[in-house]
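1. Below: sequence and its predicted model.
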Amino acid sequence: MTRTEINRSRAFLYFAVLVAICELTWLGCGVKSAPIPPESARPERILDLQAASAKNGVRLTWSRPEKYAGGDKLTDLSGFTVSRAEADGAFQNVRDVPVTDQGRFQVQPTFTITDDATQVGKTYRYTVTSNTTDDYHSQPSNEVTILRKVPPPPPNPETFMLPTPTQLP
């Protein structure tokens, strides 16, 4: 090879490298939005967990989280983890509740389960954690405490009496 051919080869190589760098810079890494920190990708915390004594256990009810902690609309909710503690004991995961309505037009706005592994007369504490399909977990929900009681029987239709109306002033 002559010196001129070598210089042309080098010039072509430099040009090819420069074009490749420009294309990579222009295309980027394929990310269509700015990266977000992991704490913003987790579901928002549930704040309305409620507990009530039921005939066969403790009934827990809570609302579906609608947003990520960062504020965007939640689109990949996969389920919930229910944790229980007896009195002042440590929390243990007692049930996973899957969410199966992804992609449906109407989604389930509230969730209710009954923890039937409880005993009458004992005090229990509960929290619920939301989970995404990418394995992000929310902060634990508000904590509820309940003394499990036998719920009162429903009114007997034969002996039920309506309260006497009172006059309004």
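-> Cool, the structure landed. Residues are numbered from 1 along each chain as shown.

2. measure the spatially most central residue of the chain to Ile146 for me?
-> With distances taken as CA atoms, centre = their mean, Ser130 lies nearest the centre of the chain, 2.4 Å away. Ser130 sits at a distance of 21 Å from Ile146 (criterion: CB to CB, to the nearest Å). Glycine gets a C-beta too; all of them are placed from N, C-alpha and C.

3. List the backbone torsions phi and psi for the residue nearest to the centre of the chain.
-> The phi/psi pair for Ser130 (degrees, to the nearest 10) reads phi -90, psi 150.

4. just Arg84 next, same as before
-> Residue torsions, per degrees, to the nearest 10, at Arg84 are phi -130, psi 150.

5. what's the answer for Ile6, then?
-> For Ile6, the backbone dihedrals are phi -60, psi -40 (criterion: degrees, to the nearest 10).

6. coming back round to it: model confidence at the residue nearest to the centre of the chain, what's the number?
-> What the model reports for Ser130 is a pLDDT of 96.

7. Test my guess that it contacts Leu77.
-> Yes - using CB atoms under 8 Å as the test, Ser130 is close enough to Leu77 to be in contact (6.4 Å).

8. Quick check: Phe160 vs Pro153, distance?
-> 12 Å.

9. secondary structure class for Arg8?
-> Here Arg8 is helix, with the state taken from DSSP: H, G, I helix; E, B strand; the rest coil.

10. Now do it: how many residues are near it, please.
-> 12 (other CB atoms under 10 Å).

11. Just name the shakiest helix or strand of the chain by mean pLDDT.
-> helix 3-27 (a mean of 73; mean pLDDT, DSSP states H and E).

12. Tell me the first helix or strand C-terminal of it.
-> helix 38-41 (DSSP states H and E).

13. Please put the alpha-carbon coordinates of stretch 121-131 into CSV.
-> Below are the C-alpha coordinates for stretch 121-131, written out as CSV (Å, rounded to 0.1, in the frame of the first residue of the first chain):
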residue,chain,number,x,y,z
GLY,A,121,-60.7,-12.8,72.2
LYS,A,122,-57.3,-12.1,70.8
THR,A,123,-56.0,-8.8,69.5
TYR,A,124,-54.5,-8.5,66.0
ARG,A,125,-52.7,-5.8,64.1
TYR,A,126,-52.7,-5.7,60.2
THR,A,127,-51.0,-3.9,57.4
VAL,A,128,-51.2,-4.3,53.6
THR,A,129,-48.4,-3.7,51.0
SER,A,130,-49.1,-3.2,47.3
ASN,A,131,-46.8,-5.0,44.7
